[in-house]
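**Student:** below: sequence and its predicted model.
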Amino acid sequence: MAKFKYAEGLHLVHWYPEAASQSFKKGQPVYLSSGKLTACASDGVAILGIALADASGTEDTSIPVLLATPLTIFEATATSAGSDVQIAVTHVGKHYALYVSSNDVYVDLGDTDHDALKVVDLVDDAGTTNGKVLVKVLAAASQFDAKEAA
C-alpha cells in the first residue's frame, strides 16, 4: 500500500473526530470537513495532515493526525495519474498534485494544475520507476498553515 509517512522535521500530533462513513488508512492524507476528519481525494488542495490510525468506521471516534506544518517533511511514492513515472532531479522544487486510488496515496508528478505538494528531495535514485520522494504540503493547501482571510 502506498502511503505517506513522516520523514523529518516538526512532529505535531492532534486528535480529531472522524466523519461518518470513513475508510481512510494510516498514512493517508486527511482534512477537516465541518470539523471532522475526512479522507483527501485526488487533486485535493486542503490537507490537515496524515492519519496516524485507520478510520474506525464510527463517526466521532478520535483519530490522531500528524499535522502538515511548514516544517514537516513526508516520504511518498511517485506516480503519474496511476501510471508509472521515473523520478528525476528536475522534480525537486516543483509543485504537484495528490493522487488517491483505493486508499493508496501518491505524489502525482504528471499534475501541476492542482498544487498541494512540493518535492524537496529524492529518496530513491533518479530514474527509479515510481520511486520515493520527500514532500511538504504547500502552505496554500495546508489547513494547518494556510493564511486565514481577514
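**Tutor:** Good, I have the coordinates.

**Student:** hey, what's G49 bridged with?
**Tutor:** Beta-bridge pairing of G49 under DSSP bridges involves V30, L67.

**Student:** surely it meets F74?
**Tutor:** No. Judged on CB atoms under 8 Å, G49 makes no contact with F74 at a distance of 9.3 Å. Every C-beta, even on glycine, is put in place using the N, C-alpha and C of the backbone.

**Student:** and for these two, which residues touch both?
**Tutor:** A68 (CB atoms under 8 Å, 6 or more residues apart in numbering).

**Student:** what's the host helix or strand of L98 packed up against?
**Tutor:** In this structure, L98 sits in strand 95-101 according to DSSP states H and E. If you count contacts as 3 or more CB pairs under 8 Å, 6 or more residues apart in numbering; DSSP states H and E, strand 95-101 packs onto strand 104-108, strand 117-122.

**Student:** quick one, which of those is packed in tightest?
**Tutor:** strand 104-108 (a mean of 25; mean count of other CB atoms under 10 Å).

**Student:** just give the nearest non-adjacent residue to the most centrally placed residue in the chain, would you?
**Tutor:** With distances taken as CA atoms, centre = their mean, the residue of the chain nearest its centroid is P29 (4.2 Å). Nearest residue to P29 in three dimensions, chain neighbours excluded: C40, at 4.1 Å (CB to CB, 6 or more residues apart in numbering).

**Student:** and the gap between that neighbour and A20?
**Tutor:** Counting by CB to CB, to the nearest Å, the separation of C40 from A20 is 17 Å.

**Student:** same thing with L122?
**Tutor:** From L122 over to A20 (counting by CB to CB), the distance is 39 Å.

**Student:** quick check: domain ranges of this protein?
**Tutor:** Split into domains by automatic domain parsing, the chain comes to 8-67, 73-137.

**Student:** can you put those domains in a markdown table and add mean pLDDT?
**Tutor:** What follows is the domains of the chain, written out as a markdown table (pLDDT from 0 to 100):
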| stretch | mean pLDDT |
| --- | --- |
| domain 8-67 | 95 |
| domain 73-137 | 96 |
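
**Student:** hmm, back to that, ok, the residue nearest to P29 - how many residues close by?
**Tutor:** C40 has 23 neighbours, counted by other CB atoms under 10 Å.
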